[in-house]
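S.K.: kindly return the folded structure for what I paste below:
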Amino acid sequence: MNYNNLKISNLQLIIVYSLLYLTMLFGFYSNENLTGGAIRDFSSYVQMLNIAKKDLFEFFNIFSNLSMDHSPFYFALMTVVQSFFDGITLNVNTNTKIYHHHLDVYGAEYGLLRLFYLHLSVVIPLIFYFCLREKYKELDKNILFLISLFILISPCFRSYAIWAGDLNLALLFLLLGILFYLKFTNELELKKQLIFIFLNVLFIALSAYVRPIYSLFSIFFFYKIFLLKGFNKQLILFCLLNIIFSFPAIYYVFILDNIFFTWANNFFMDPTLVLYSTNILISSSIFLFYLFPFIMIKNDKNIINSIKINTKQILFLSTSFLITTFFIYNFNYPITSLGGGGIFYKASQLLFNNNYLFYFICFFSFLFFSKIFFDKDIGDILLLLILICLDPDPFVYHKTFDPLLVCIALLLFNNRFFNCLTEENYKRFSVYLISYYFLILIIYFVIRTSIN
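M.R.: Next up is the predicted model:
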């Protein structure tokens, strides 16, 4: 197929976007829950919202005792939004059960909140599209818009849009922060640069208040601004704004002693070699799953012909093999009702009742991690470490990286492996990405249907 002839009109894009939007509405009505965990998470959200709406200040005071690993600021925001819907009910499908509780226990009460959140989530592909346009100005904007629609196909995105998960709101703010960072890099006027830095820090801070681990992205932006501008007004403003915007969180968590993220072992509070090894292998396997469209683009004759077995290649492969073997030796994923582990780990357990298939895949998936470290791009290494840390506890889920990973790969990574949006490849990549995500959607649907 000659992908260079691919063209899509504005009307066709509107139709595709509208159809995907309608599937979201149908998913809302039918209580779509392709990930399985979205409803479970929402049931815990309801408990938090029921407490917060009684006394929001008291909710903050007792939150650290509620064994909840989500941000209290997220629940506070949702409580404020819900206050606009008080007294207004929305008839929802109450056939679905949530852990033996019918949705009609709270379905009507929080139905409008969920519907509002769904429409807020539907804006995210548009923000991603503006990011793509800012970075890839020379490419067909309609094809870029088509690429952005993969988000509406993502099972994780859909589930947490329908069930008001914090991941989508955090992603919305993060993408806005990235958008203004990209504008900053393309701007020459100092005044506008300072404005874009302010907006970048503001939205990254908002994403961190929704999902605290996203505060790590500030490290990446600090490094990139320092790399671009050195120690000057832009970097000073960036640092001052981060201090100002982070102060409420620091005061609440550390000064008032409301540390709410210690309910499970994690990288930061209780680091162990087993935890690091397990998390890195699971994360690398999930990365591989979502990077197949990138692999398909690179799998052409030019790439194959460029591979030469030399000393550097042998050193790279040997080092990656030894590190992966070391991690496998220390691997121990906890089997509990919390699930997680990624599709390859679960497939290995389901098909063979052991980890051998998963270990085999890890030797390939970890090559991507090794490649980034071997290429010695500090920005890419920082991004990789941040992504690994996004699930710092023993339980690693697809929802953490989908659709975030593809967004980050296309917008922030410098490694040429992720450089798929070129004049030669971007149309082909759009077809691969959309097709692959439809395949993922079908896989999730089949699995969820067979379980139910």
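S.K.: contacting residues for L126?
M.R.: Taking C-beta atoms under 8 Å, 6 or more residues apart in numbering, we find L126 in contact with S148. All C-beta spots, glycine's among them, are computed from the backbone N, C-alpha and C.
S.K.: again, but for C407
M.R.: F128, C131, I151, L171, L175, I178.
S.K.: filter those residues down to the buried ones.
M.R.: With neighbours counted using 16 or more other C-beta atoms under 10 Å, those contain these buried positions: F128, C131, I151, L171, L175, I178.
S.K.: which members of those residues are the farthest-apart pair?
M.R.: I151 and I178 (13.9 Å; C-beta to C-beta).
S.K.: for the biggest helix by length in the chain, packing partners?
M.R.: Using DSSP state H, we find that the single longest helix of the chain is helix 426-451. Other elements packing on helix 426-451 under the criterion 3 or more C-beta pairs under 8 Å, 6 or more residues apart in numbering; DSSP states H and E are helix 141-148, helix 150-153, helix 155-162, helix 292-298.
S.K.: got the buried residues for it?
M.R.: For helix 426-451, the neighbour count (16+ other C-beta under 10 Å) marks 426-434, 436-437, 440-441, 444, 447-448 as buried.
S.K.: with stretch 325-342 instead?
M.R.: F327, I328, F331, Y333, G340, G341, G342.
S.K.: any chance of those in a markdown table, with secondary structure, pLDDT and distance to F84 too?
M.R.: Shown next, in a markdown table, are the buried residues of stretch 325-342 (DSSP: H, G, I helix; E, B strand; the rest coil; pLDDT from 0 to 100; distance: C-beta to C-beta, whole Å):
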| residue | secondary structure | pLDDT | distance to F84 |
| --- | --- | --- | --- |
| F327 | helix | 92 | 49 |
| I328 | helix | 93 | 52 |
| F331 | coil | 91 | 48 |
| Y333 | coil | 85 | 42 |
| G340 | coil | 78 | 35 |
| G341 | coil | 85 | 39 |
| G342 | coil | 87 | 38 |
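S.K.: in JSON lines: those, plus distance to A38.
M.R.: Output for those, formatted as JSON lines (distance: C-beta to C-beta, whole Å):
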{"residue": "F327", "distance to A38": "30"}
{"residue": "I328", "distance to A38": "31"}
{"residue": "F331", "distance to A38": "27"}
{"residue": "Y333", "distance to A38": "22"}
{"residue": "G340", "distance to A38": "14"}
{"residue": "G341", "distance to A38": "17"}
{"residue": "G342", "distance to A38": "17"}
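S.K.: related to what we said a few turns ago, pLDDT on the longest helix of the chain, on average?
M.R.: The predicted model assigns helix 426-451 a mean pLDDT of 90.
S.K.: what's the angle between that helix and helix 155-162?
M.R.: 70 degrees (axes from the mean of the first three to the mean of the last three C-alpha atoms, to 10 degrees).
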